[in-house]
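Chemist: Whatever this is, show me its structure:
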Amino acid sequence: MSIDLGQMNFGQIRRSEHLPARIAMQLAEEISQGRLKPGERLPTEHVLAKTLGVSRSVIREAIAQLRNEGLVETRQGVGAFVSEPSARPIRIKDSELSEPQSFRALFQLRVPLEIEAAGLAAVHHTAADLARIDEALGRMTGAEKWTEQGIVADLAFHRAVAEATHNEYFALFIGFIAERISLAIDTARSRAVLEEIVEVTIAEHVRLRDAIAARDPVAAREAMRAHLHGAASRIDLSLEQF
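Modeler: Just a heads-up that it's a prediction; the model follows:
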């Protein structure tokens, strides 16, 4: 069964907000309030994009976040469906991460997962995996002054690396954690010169991409470690160095 958008409390999302996270939050609220019921199919990407006034790539990232949280399941060629409550994992509310200790703890969890994922991606990636990594990197480098689309592309890059491990659990957990801390990218943009952040961040992603393409797991892990510690430092977050 598909959903009538007229029954849902949707409005256009403000451009100043972090779009995928905000849209995912809005859809999650519709699910929690019972306006989107288990088994129902979400509106298509095209319909949601038009209704909310955003691009389809933003909608895809929002749906991916809901999938990582277990709120929806996607079926190839059919669409996204609201999952049964019994199938939903533990959720981390954004409000919980307003506390510096909680945010730091989640970022610490992200680091070893993504480092290991980078090494596995270097070993196991296919040509199609590398193409997806390159596509996301191309979107990052093509985003003028790294707009919202650049941030969406950054998240897609990390998701593509996780999927290149060919271990579904890496993709699941990394996707979930990355979405939860993605607002840190906006924070970083407000704390330093934007052009410098863009240049440094893209260079870090290029080094990681090249190490994966070279099938060098040691270099890939080190490139991911350097990127994550660099990202932490850009938001004034201190992490242990091992």
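Chemist: got the residue ranges for the strands in the chain?
Modeler: Per DSSP state E, the chain carries strands over the ranges 72-75, 79-82.
Chemist: Now do the buried residues in the first one.
Modeler: Spelled out, it's strand 72-75. V72 (16 or more other C-beta atoms under 10 Å). C-betas here are computed from N, CA, C, even on glycine.
Chemist: how much space between P20 and A178?
Modeler: From P20 across to A178, the span is 11 Å (C-beta to C-beta, to the nearest Å).
Chemist: between these two, who's got more neighbours?
Modeler: More crowded of P20 and A178, by other C-beta atoms under 10 Å: P20, with 27 against 24.
Chemist: list the residues that contact both of P20 and A178?
Modeler: Listed contacts common to P20 and A178 are L155; contacts here mean C-beta atoms under 8 Å, 6 or more residues apart in numbering.
Chemist: Could you count how many residues lie near the closest residue in space to D129 that isn't next to it in sequence?
Modeler: Once flanking residues are discounted, D129 sits nearest to A164: 3.8 Å by C-beta to C-beta, 6 or more residues apart in numbering. By the criterion of other C-beta under 10 Å, A164 has 25 neighbours.
Chemist: The one 5 residues further on now?
Modeler: Other residues lying near Y169 total 10 when counted by other C-beta under 10 Å.
Chemist: Need the per-residue pLDDT for it.
Modeler: Per-residue confidence (pLDDT) for Y169: 89.
Chemist: do the same with D94
Modeler: D94 is given a pLDDT of 58.
Chemist: and the residue nearest to D129, what is it in contact with?
Modeler: Contacts of A164 (C-beta under 8 Å, 6+ apart): 120-121, 124-126, 129-130, 132-133, 212.
Chemist: redo that, cut-off 10 Å
Modeler: A164 makes contact with 117-118, 120-126, 128-130, 132-133, 170-171, 212, according to C-beta atoms under 10 Å, 6 or more residues apart in numbering.
Chemist: which of these count as buried?
Modeler: 117-118, 120-122, 125, 129-130, 132-133, 170-171, 212.
Chemist: Return the member of the residues you listed nearest to A62.
Modeler: For the buried ones among the contacts of A164, the minimum distance to A62 (C-beta to C-beta) is 16.7 Å, reached by A171.
Chemist: So which helix or strand of this protein has the lowest pLDDT on average?
Modeler: None of the helices or strands of the chain scores lower by mean pLDDT, DSSP states H and E than helix 183-191, at a mean of 52.
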